[in-house]
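1. Here is the input, now give the coordinates:
(2 chains)
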Amino acid sequence: MRQKAFSKPLQRLLCAWALGATALPLTLLAQDIVKGKDAMGDWHKDAPGVMRLITHDDIVAPLESPSAANRSTTVSKPSDAQIKTMSGFKVDVFANNVDGARVIRQAPNGDIFVSQSRPGNVRVGDGYQFQKGKITVLRPSADGSQVQKLETFVADLKDPYGLAFYPPGPNPQWLYVGMQGQVVRYAYRSGDMKSTAEPEVIVSGLPVGGHWTRDVGFSPDGKTLYLAVGSGSNIAIDMEDRPNDLQAWEKTHGLGGAWGNETDRATVLAYSPDGKNRRVYATGVRNCSGLTVQPNTGVVFCSTNERDLLGDNTPPDYVSSIKEGHFYGWPWIYHQDHEDLRPGGGPRPDLKGKATQPDALIQPHSAPLGMDFNPGGMFPAEWSGDAFAALHGSWNRALHTGYKIIRLPVKANQLTGTYQDFVMGFTAGEDAVWGRPVNVRFLKDGSMLFSEDVNGTIYRVTYKKP
Amino acid sequence: MLGQVFSSPLKAQPQNQSQTQTQTDSSRSSPLDLHVCGECHGEQGSPKDKKLPIIWGQSAQYLEKQLRDYRSGQRENQIMNSMAESVPKKELSLFAQALASQPWPPRTPIEDTGESMSPVTKADAQTCLTCHAQNADGESVYKGAPRLNGQNADYLLDQMLAWMNQDRANSEVMGSLLRNKKKEQLQALSLYFAGH
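-> Predicted structure coming up:
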């Protein structure tokens, strides 16, 4: 394992960058990987281009460091704050005042749909106006750089989050919306910016309380609707006694399927597009807040926040392929074979080693939310097919980490396990942040949008070969 | 910078505690103590972020109910859901009492905009006092009602808006009382109680 965070040439580059260069050369940095404990730094050590690798062997023991509560305070963008990214890339504001911006989806006609899950108390003049969730449509200008027209597609929703057009392809007829308690769909015709008909309820009775980000996605053939249902709690401490016949339980609810108040939570569920034929697709995924289907393979991927309160550096969050019938550990296990004894209902040592090891481990408490795959067309050709994820940033850590966009290289359709700091600069000192990245989405022109929910900004990242 | 953080008394205590617990009880430990609360709710009971509530000196019964509701997900907040879970169930009551026995922090006087003392506000406030007690310090009339007197105005307003919009729903009384209020009324009330 490397003993220092940065090699000499890299240090020199970082100094040059700190002294005024706005971006770092891409190729040189890509070869340098900080590993293991060195990869678990904090926002001070983030720099565009730094590659990180955390593996199963690097997972540290619980409470090796104390469990800190270090909630970031959120501020407006300081006048001297600057977004940092790599050489050749440009990050511009695409839309402002999109309060509580979360998931972004582009319709085939180019319109951009954004779920504003919890806009909250928006200051209007001298007073406040409380806004429930809504879905906003942004029509980009011809060059894609600005919003030409903005409309509210539908308002007054309870926690709208996941968005998916159906059927996949050039002519969708429906917009599916994952909300905390249900999945609904709105009739859609190309060019619609306002919903005119009542929604159709596709899935009802989803659990309410705890993790609420219900992301949705379709298989490329349109036959399967995937739905992420995060856990109700951090670590299921109040889960009731186990079912009498655990084998029978797992037949219906999946290997390692939680029970009691956590029944069928921390799962990815699968349905037919009409909401029928429900089944548990995968278990033990604590909160898949970025469910994305890899376009060329149809494989389901999740970006997931792992459990809290085990110290600064354990356990890693992850971005991973999620395979049908597999168990990813929550609540009893993390990362294949690390046992957590906190859940109610007694320990499950029988599950040790039965949990699937996720593909790419992200520094603990980074809080990856949205993810997407780069379709190519604008970013460097060697980055085609790579995954990108938005790290919402830590609270359960002495020093902040996350608060950035990362790139996760993909080789032969699989994550390599490494990731690279791509867009950052949202921290303002030890306590404050002025941006918390939530979702990333590539557009048809190959540029990338990402949302942040502190100041409600959507940014567009473009690339021109330097 | 690192040194500062780790040498603060806030961090020191959980560190020692967690080390012993790790040895005896692996990961089934409770790293949460009052110091941890203080990291957000203020080392001396006065939160830096005024959108967060003062919890020192708050009604024990109220605090215990909130901790239970955070545990069950009936009241929702990502950080508090995790935090409340880390207090063992049988210790929730003691924990709430320990917080309640701390002194309520000295009030920061806030500017009275005049609106907060309007006749409408006074009438509204009287309704609140039915349960929150005559001087709005909680406890004396309705045991589960929290102290409002001197609470952070931004927090009070946020909570009232959340009740109004049913984003907070862990008390039927509050939900029905606030359903038909106007935001200007709530803002005036929050200032009234914060500066009471």
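
2. which intervals of chain A have sub-threshold pLDDT?
-> A:1-31, A:123-128 (pLDDT under 70).

3. Residue most distant from the centroid, it?
-> Residue farthest from the centre of chain A, counting by C-alpha atoms, centre = their mean, is residue A:244 at 36.1 Å.

4. where does it fall, phi/psi-wise?
-> phi -60, psi -40 (degrees, to the nearest 10).

5. And residue A:84, by the same measure?
-> For residue A:84, the backbone dihedrals (degrees, to the nearest 10) come out as phi -110, psi 140.

6. burial measure for it, as a count.
-> 21 (other C-beta atoms under 10 Å in any protein chain shown). (Each C-beta comes from the backbone N, C-alpha and C, glycine too.)

7. burial of the residue nearest to it when sequence neighbours are not counted, as a residue count?
-> Excluding the flanking residues, the one nearest residue A:84 by C-beta to C-beta, 6 or more residues apart in numbering or on different chains is residue A:425, at 4.3 Å. Using other C-beta under 10 Å, the number of residues around residue A:425 comes to 18.

8. Verify the contact between residue A:425 and residue A:83 for me.
-> Yes. If you go by C-beta atoms under 8 Å, residue A:425 and residue A:83 touch, sitting 4.6 Å apart.

9. Residue A:186 sits in which helix or strand?
-> strand A:183-187 (DSSP states H and E).

10. Stretch A:377-393 near chain B anywhere?
-> No. Against chain B, stretch A:377-393 shows no contacts by C-beta under 8 Å from any C-beta of the partner chain, the least distance being 9.9 Å.

11. what's the first-to-last distance across that stretch?
-> 29 Å (C-alpha to C-alpha, to the nearest Å).

12. Tell me the buried residues in it?
-> For stretch A:377-393, a neighbour-count test (16 or more other C-beta atoms under 10 Å in any protein chain shown) marks A:378-380, A:383, A:385-393 as buried.

13. I'd like the distance from it to the chain centre, please.
-> The chain centroid and the centroid of stretch A:377-393 are separated by 13 Å under C-alpha atoms, centre = their mean, to the nearest Å.

14. which residue packs closest to residue B:156, ignoring adjacent ones?
-> The shortest distance from residue B:156 to any non-neighbouring residue, by C-beta to C-beta, 6+ apart, is to residue B:190 (3.9 Å).

15. Looks to me like the one you found is in a strand.
-> No. Per DSSP: H, G, I helix; E, B strand; the rest coil, residue B:190 lies outside any strand segment and is helix.

16. before we move on, the earlier item: give me the subset of the buried residues of stretch A:377-393 that lies in helices.
-> Residues of the buried residues of stretch A:377-393 located in helices (DSSP state H): none.

17. could you dump the residues you listed to a markdown table with distance to residue A:265?
-> Output for the buried residues of stretch A:377-393, formatted as a markdown table (distance: C-beta to C-beta, whole Å):
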| residue | distance to residue A:265 |
| --- | --- |
| A:378 | 38 |
| A:379 | 36 |
| A:380 | 40 |
| A:383 | 35 |
| A:385 | 32 |
| A:386 | 31 |
| A:387 | 25 |
| A:388 | 27 |
| A:389 | 22 |
| A:390 | 23 |
| A:391 | 23 |
| A:392 | 20 |
| A:393 | 24 |
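
18. From those residues, pick the one nearest residue B:183.
-> Ranked by distance to residue B:183 (C-beta to C-beta), those are led by residue A:392 at 28.5 Å.

19. Quick check, the closest one in contact with residue A:435.
-> No. In this structure residue A:392 lies outside contact range of residue A:435 using C-beta under 8 Å: 10.1 Å.

20. Give the residues shared as contacts by the two.
-> residue A:403 (C-beta atoms under 8 Å, 6 or more residues apart in numbering or on different chains).

21. Of all the residues in stretch A:344-358, which ones are buried?
-> A:344-345, A:348, A:351, A:354-356, A:358.

22. Distance to chain B and secondary structure added to the residues you listed, as TSV?
-> As requested, the buried residues of stretch A:344-358 are exported to TSV (distance: C-beta to the nearest C-beta, whole Å; DSSP: H, G, I helix; E, B strand; the rest coil):
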residue	distance to chain B	secondary structure
A:344	9	coil
A:345	13	coil
A:348	14	coil
A:351	15	helix
A:354	18	coil
A:355	15	coil
A:356	20	coil
A:358	19	coil
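
23. For residue A:37, what are phi and psi?
-> Torsion angles at residue A:37 (phi, psi; degrees, to the nearest 10) stand at phi -60, psi -30.

24. Give me the distance between it and residue A:316.
-> Per C-beta to C-beta, to the nearest Å, residue A:37 is found 12 Å from residue A:316.

25. which of these two has more neighbours?
-> residue A:316 (24 against 15).

26. Quick check, the more buried one in contact with residue A:59.
-> Yes. The pair formed by residue A:316 and residue A:59 meets the contact definition of C-beta under 8 Å, at 6.6 Å.

27. Touching both of these two, which residues are there?
-> A:335, A:361.

28. Please name the nearest non-neighbouring residue to whichever residue of chain A sits closest to chain B.
-> Of all residues in chain A, residue A:209 sits closest to chain B, at 2.8 Å by C-beta to the nearest C-beta. In this structure, residue A:209 finds its nearest non-sequential neighbour in residue B:73, 2.8 Å apart by C-beta to C-beta, 6+ apart.

29. tally of neighbours for that neighbour?
-> With other C-beta under 10 Å as criterion, residue B:73 counts 21.

30. so what's it up against?
-> Here residue B:73 is in contact with A:208-210, A:232-233, A:261, B:81 (C-beta under 8 Å, 6+ apart).

31. Likewise for residue A:187?
-> Per C-beta under 8 Å, 6+ apart, neighbours of residue A:187: A:173-174, A:195-197, A:200.

32. Residue A:64 in helix, strand or coil?
-> Under three-state DSSP, the three-state class of residue A:64 is coil.

33. what's the neighbour count on the nearest residue to it once chain neighbours are set aside?
-> Closest residue in space to residue A:64, ignoring its immediate chain neighbours: residue A:311 at 5.5 Å, by C-beta to C-beta, 6+ apart. Using other C-beta under 10 Å, residue A:311 has 27 other residues around it.

34. from chain B, which residue is nearest to chain A?
-> Closest approach between chain B and chain A, counting by C-beta to the nearest C-beta: residue B:73, at 2.8 Å.

35. The closest residue to residue A:395 other than its chain neighbours and residue A:409: what is the separation?
-> Once flanking residues are discounted, residue A:395 sits nearest to residue A:71: 4.7 Å by C-beta to C-beta, 6+ apart. Between residue A:71 and residue A:409 the computed distance is 32 Å (C-beta to C-beta).

36. circling back to that earlier point, quick one: contacts for the residue nearest to residue A:84?
-> Counted by C-beta under 8 Å, 6+ apart, residue A:425 has contacts A:81-84.

37. follow-up on the earlier one: are there residues contacting both of residue A:37 and residue A:316? Which ones?
-> Common contact partners of residue A:37 and residue A:316 (C-beta under 8 Å, 6+ apart): residue A:58.

38. what about the residue lying closest to residue A:89 once chain neighbours are set aside, how many residues close to it?
-> Nearest residue to residue A:89, sequence neighbours excluded (C-beta to C-beta, 6+ apart): residue A:463, at 5.2 Å. Using other C-beta under 10 Å, residue A:463 has 20 other residues around it.

39. sorry, back to before: phi first, then psi, for the residue nearest to residue A:84.
-> Residue A:425 has phi and psi values of phi 110, psi 10 when expressed as degrees, to the nearest 10.

40. Now do it against residue B:62, distance only.
-> Distance of residue A:425 to residue B:62, given as C-beta to C-beta: 41 Å.

41. Same check on residue A:204?
-> From residue A:204 across to residue B:62, the span is 34 Å (C-beta to C-beta).

42. same deal with residue A:194?
-> Residue A:194 sits 44 Å away from residue B:62, going by C-beta to C-beta.
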